[in-house]
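K.L.:
Have a look at this prediction, sequence included:
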Amino acid sequence: MSLEVHIEKKLAEFTLDVSFVAANEPLGILGASGAGKTMLLRCIAGLEHPHRGQIILHHTTLLDTETGVRLPARRRRVGMLFQHYALFPHQSVSDNVGFSLGRLAPAERERRVRQMLGQVHAAELGSRYPHHLSGGEQQRVALARALASEPEALLLDEPLSALDTQLRSRMEAQLQETLLAYPGPALLVTHNIEEVYRLSARLLVLSRGRVAAWGPREEVFRKPPSVEVARLTGCKNIAQARAVSENSVEAIDWGCRLRIASAISESVRHVGIRAHHIDFTDRPDSQSGRDNVFPCWLVSSSETPFRITLFLRLHKPPDESRTYDLQAEVFKEKWERFRDRPLPWHVKLSPESLFVISE
Amino acid sequence: MALAESTDWSPVWISLKTSVVATLITLVGGLAAAAWRERYRGRATALIDGACLLPLVLPPTVVGFFLLLLFGRNGPVGELLLRLGTTVIFSWPATVIAAAVVSFPLMYLTARAALEQVDSRFLEAARTLGASEWRVFHRIALPLAWPGILAGAILSFARALGEFGATLMLAGNIPGRTATIPIAIYFAVEADDMRSAVAWCSVDVFISIVLLSGLYYWTHARGPARWTRR
């Protein structure tokens, strides 16, 4: 029981060419804007028609261009949560949620509507109209409406992007609860890295219409298969590199040789490290701290309430161009301890934190 | 009042009856044509639009002339009706036909604009919720487009009420049967019966003011304020 998708659709800028299987669990779809994420959901829902391909949901063929099968959207039993929710403005919340239950007797329908609204903690909203609801309430009602039709698969298009930050984390917890209870495959489109990581155990990264990575989230984040996926998953430090031995590379952009914890192959082209993995060391000359330790100078910095991002130049002081080699992210408490020390500081790029990308 | 007693009020009733029936016909016909045209993806779009809007640009007498050719004794429709033992020209139904044909483009245009303005996401959401195309239309598209469609119906009614040229060609001037307000006014002035002309003109002005206020109410006070979008 799963959702199997193999589709090809020519778009203005590129061709959406995607193949994957989603099990009965949330699958996060990550990608830059315009990578084809929403188009992919619309193709599965039957709102857009791929030029070629096959979509199979729980042994039911929704689309097969070879045999000419193309179920219309209304017969696909695929629930979709639209980015701005698309609640029918002229219908009350109850009528919105009960829209797909037209065949039921009125009493039974009312019972189901109450049950669905209760499930998303919106029982008291039934008689209101969409324009009287807050963004969070609209999202819950739209979710209840999609679930009321008992869809075999659930497609969520940026379910949290229309909400303000404060509401977002609360709605995210509720969404997680709903997703855990949902028995079928759920595709969750977002461009928020942290959100997608928390909500789905598996990830699919789209880049210009193609699958750039697909697998368990830990793997996609720890060993991104391409520079693009590394960037999309939030990695700030990537340098061109070439292998020099089976456990060390030369980082060309950073002008240094780095030891890598795992064995590497000849085909290595890039090396990377995440900003929060960069460490600073007090004793650059001690035996234990010798590996991958380099002098660095501060070029500039940028603060958030609890963390600070440091832009660093390796090996020599910054010049007029203010170019930097590394971005390091540290908690402010730690930053307070070494901010007044004389430059150069010493960064440690731990071999366990470094990852390599082969072409 | 001497004016009220001596005036023949039949043109007022004929006009109102004609306009109401003609508006109902254009409402259904115009809406159906607009809804069908929304979905039509063929090559004849320009031709269809042109044909639907033709009565708006042609002089009413030309429209009346073509209707006469169509419904006359030797016309294709007229001959058919004759075989069924009836004829429509120079009878009350002819005033309805003339008014409906002339007001049709207004209904078609406003209905299309109103349907086009409905956010397609609502229609798509309804489809993913299992709704048939008919259900999508009458439960979502129609209610959302309703203020615009009603405005179109009011415009059509006003146009039907003012119809003169095509009506005269097809229905003539038979007092008590086909003489609508505009036609009665024309012949009253020609016969130098200024009192009747003034009475009928006043009725027309009154109806027009009521219609325009209604239109304003629908498009300004009610329409956009009803479902404010965030």
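P.N.:
Perfect, thanks for sending it.
K.L.:
and residue 142, what helix or strand is that in?
P.N.:
Going with chain A. Using DSSP states H and E, A:A142 falls within helix A:135-148.
K.L.:
was after chain B, sorry
P.N.:
Assigned by DSSP H and E, B:L142 belongs to helix B:142-162.
K.L.:
What is the distance between the helix or strand following that helix and the centre of its chain?
P.N.:
Sequence order places helix B:165-171 as the next helix or strand after helix B:142-162, per DSSP H and E. Distance of helix B:165-171 from the chain centroid (C-alpha atoms, centre = their mean, to the nearest Å) equals 15 Å.
K.L.:
what does helix B:165-171 rub up against?
P.N.:
Outside helix B:165-171, the residues within contact range by C-beta atoms under 8 Å, 6 or more residues apart in numbering or on different chains are B:59-61, B:63-65, B:67-68, B:71, B:89-92, B:94-95, B:97-99, B:101-102, B:178, B:180, B:182-183, B:186. C-betas here are computed from N, CA, C, even on glycine.
K.L.:
Check which residues of the longest helix seen in chain A are buried.
P.N.:
For chain A, the longest helix by residue count, based on DSSP state H, is helix A:165-181. By neighbour count with 16 or more other C-beta atoms under 10 Å in any protein chain shown, helix A:165-181 contains the buried residues A:167-168, A:171-172, A:174-175, A:178-179.
K.L.:
Closest one of those to chain B?
P.N.:
Set against chain B, the nearest of the buried residues of helix A:165-181 by C-beta to the nearest C-beta is A:L167 (14.1 Å).
K.L.:
Enumerate the residues of the stretch 1-150 of chain A near chain B.
P.N.:
Selection of the stretch 1-150 of chain A residues close to chain B by C-beta under 8 Å from any C-beta of the partner chain yields A:45-47, A:72-80, A:82, A:84, A:86, A:88-90, A:99-100, A:102, A:129-131, A:135, A:145-146, A:149.
K.L.:
Let's see that with 7 Å instead.
P.N.:
A:45, A:47, A:73-74, A:78-80, A:82, A:86, A:88-90, A:99-100, A:131, A:145, A:149 (C-beta under 7 Å from any C-beta of the partner chain).
K.L.:
Mark which of the residues you listed are buried, thanks.
P.N.:
Judged by 16+ other C-beta under 10 Å, buried ones among the residues of the stretch 1-150 of chain A next to chain B: A:45, A:47, A:73-74, A:78-80, A:82, A:86, A:88-90, A:99-100, A:145, A:149.
K.L.:
can you tell me which of those are in helices?
P.N.:
Counting by DSSP H, the part of these found in helices is A:45, A:145.
K.L.:
hmm, which two among the buried ones among the residues of the stretch 1-150 of chain A next to chain B are most spread apart?
P.N.:
Farthest-apart pair in those is A:V78 and A:H90; separation 24.6 Å (C-beta to C-beta).
K.L.:
any weak-confidence spans in the stretch 251-359 of chain A?
P.N.:
Low-confidence regions of the stretch 251-359 of chain A, defined by pLDDT under 70, span residues A:284-290.
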